[in-house]
Each structure stands twice: as structure tokens, then as C-alpha cells.
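Colleague: Would you be able to build a 3D model of this:
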Amino acid sequence: MPVDAHIHFANLFERDPGFPGRFAASAISACAASHRPDEFLWTEALHAKGLEFRTSFGIHPQWPVMDHADFLADLVREGRVDVIGEAGFDFFGDRPEYTRSDENLAAQRRAFEFQLELALASGLPLLVHIRRAIDLMFEYAKPLSKLRAVIFHSWPGTPGEAQALLRKKVPAYFSFGTIVMNGHKRAVESLVALPADTILSETDAPWQPPRGSSFCRYEDLGRVVEAMAALRGLEVPALDSLVADNWARVFGEDS
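Modeller: This next block holds a predicted model:
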């Protein structure tokens, strides 16, 4: 079964209102991400329309305010969320709120540490969004090593950085999407070099569109997997099977 480890249903619906019906008929195993209560509730309601998927909710580092912290904690307590995040750090861009200032770092640390503690207490996997801040992950390597799984969404780092996290016993999974189709050098190098049991696939739809597209569709997962399989020297079914096994281990299940 193909796996889309990270997709945004609510944002995708704004660009492609017909996608839920098509997705319900697909064989994709996905985790749908939300960052606001209204997004989460809308996404959760899709189960009633025949869509099968896992859910994540997080305080995104680009908006590291704690307004929805109680909502997230309630979702975890009620067993309504499968993954915590996107949590992490993001200092990419030239807007003032994206610079690595003491103030911005403190705000992002507060949001990240809240979600890390929640993941530790609940036993849920943590979904990490990280840009221009991979060094900070090594500061948190000890508590991260105690989690069930840490999913690095759209892994932007080098193979050496990924392998260093693994050596520190972080139960890391590195997810790759359209950046490998678009020729992102570090992503390609990491995908080729990393152990097979740490690889996941994703679209991040509607974000990170393939080159030449206005947005990413969930159907682009097929193209992502084809690119990943070619880079790993595998047939597509073998890559899908590998990722499905890894996805099952994230949740402590047999594939």
C-alpha cells in the first residue's frame, strides 16, 4: 500500500474540492496534518465520508503561538490524534519572524518543548518540521531517543546529519516528497544513503508542488514513489512495500 506520511487535506480541498471522493477510492495510507482546530475538525469529519487515514495536529514553528495548546492536549487525551506535530524549528526566509533571533528561538523552543513533552507522556510519534535548524535537534537528542518514533517531514539535511541522529539512538524516520523529483541535492543524497528501514514517502500536498505545477496533488505520490524507487534502485512495488513496513513500525504495528 502506498504511504503518504504527510498531507494537508483542508488546504488541498481549497485547491481541489473533488479530491475526497477520489482519495476514498484509493489505496493510499496517509496521515493528514492540521494546525488549527477548524482544520482538524473538518479533516476528522472526512472519516464519515469513507476516507481512511491517520491524523496529526501540531503547533507549527512558523506560527509558534500557544493558542491551541489545550486543544492539542485534549486531542491526545481523547485518543483522537495519531501523531503530534508538525513541531520543530524554521528559520528559513527573510521575514523578521523567520530570522534566528533570541526572541524567535525562544518562541519556537516553547512550542517544540511542549509538544515533545506531550509525545513523551503519551507515547505518540512526533512529526518534525525543521529548516535551517538541524543543529537544534542534537540538543534534544536524549529526549527524542525516548520517543516511539520521530518523523522528519521533507528531510532537508545531509546524509551525515541523518546518520548522526541515528547514532544518538533517535528512532528517526526520514520522509521524502517532491523535493527528490525536483532534484534537491541533499535530499537525493540522503535518500540514497540512508538505511532502508528509515525511509518514508510523502506529498505535503498541496504544498511543495512538482516543478511546473501550481500545487501538489495527492496523486503526485505515485510520481514521488517512482522517483524514490529509481534512486534506490528498486521497482515501485518493492519501494512501496519497504515504506509500508516502516510506516507500520512507526505505530508499533505489523505491516
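Colleague: From V236, how far out is the residue most central in space within the chain?
Modeller: Geometric centre of the chain, nearest residue: H153, 3.5 Å, by CA atoms, centre = their mean. As judged by CB to CB, to the nearest Å, H153 and V236 stand 22 Å apart. C-betas here are computed from N, CA, C, even on glycine.
Colleague: Check Y173 too.
Modeller: 20 Å.
Colleague: When the two are compared, which one has more neighbours?
Modeller: Y173 (25 against 14; other CB atoms under 10 Å).
Colleague: secondary structure class for that one?
Modeller: Look at Y173: counting by DSSP: H, G, I helix; E, B strand; the rest coil, its state is strand.
Colleague: was I right about it contacting L200?
Modeller: Yes - between Y173 and L200 there is a contact under CB atoms under 8 Å: 5.1 Å.
Colleague: Just give the closest residue to the residue nearest to the centre of the chain, not the sequence neighbours.
Modeller: Take H153 and drop its neighbours on the chain: the residue closest to it by CB to CB, 6 or more residues apart in numbering is H6, 4.9 Å away.
Colleague: Just say helix, strand or coil for the one you found.
Modeller: Of the three states, H6 takes strand according to three-state DSSP.
Colleague: what sits against it?
Modeller: If a contact means CB atoms under 8 Å, 6 or more residues apart in numbering, then H6 has C31, A33, S56, L127, I151, H153, S154, S175, G177, E202, T203, D204 as its contacts.
Colleague: Repeat the analysis, applying 7 Å as the threshold.
Modeller: C31, A33, H153, S175, E202, D204 (CB atoms under 7 Å, 6 or more residues apart in numbering).
Colleague: Going by residue numbers, what spans are strands in this protein?
Modeller: With strands called from DSSP state E, the chain shows them at 3-7, 29-34, 54-57, 83-90, 126-131, 150-152, 172-176, 199-201.
Colleague: Need the mean per-residue confidence for the longest one.
Modeller: Put plainly, it is strand 83-90. Strand 83-90 carries an average pLDDT of 97.
Colleague: Relative to it, what are the paired strands and their orientations?
Modeller: Paired strands of strand 83-90, with direction, are strand 54-57 (parallel), strand 126-131 (parallel) (DSSP bridges).
Colleague: Can you name the residues in contact with that strand?
Modeller: With contacts defined as CB under 7 Å, 6+ apart, strand 83-90 is touched by 31, 33, 54, 56, 58-62, 76, 98, 108, 111-112, 115-116, 118-119, 124-131, 133, 136, 153.
Colleague: How many residues are close by the closest residue to V192 other than its chain neighbours?
Modeller: If the residues on either side of it in the chain are set aside, V192 comes closest to L231, at 5.6 Å by CB to CB, 6+ apart. Counted by other CB under 10 Å, the residues lying close to L231 total 16.
Colleague: got a pLDDT number for L231?
Modeller: On the pLDDT scale, L231 is placed at 97.
Colleague: Next: the one 10 residues further on.
Modeller: At S241 the predicted local confidence, pLDDT, stands at 97.
Colleague: D254 too?
Modeller: Turning to D254, the model gives it a pLDDT of 65.
Colleague: The helix or strand bottoming out on mean pLDDT in the chain packs against which elements?
Modeller: One helix or strand of the chain scores below all others by mean pLDDT, DSSP states H and E: helix 178-181, with a mean of 94. The helices and strands touching helix 178-181, judged by 3 or more CB pairs under 7 Å, 6 or more residues apart in numbering; DSSP states H and E, are helix 185-193, helix 221-232.
Colleague: phi, psi of R36?
Modeller: Per-residue torsions, R36: phi -130, psi 150 (degrees, to the nearest 10).
Colleague: Give me the spatial nearest neighbour of it, chain neighbours excluded.
Modeller: Nearest residue to R36, sequence neighbours excluded (CB to CB, 6+ apart): H68, at 6.8 Å.
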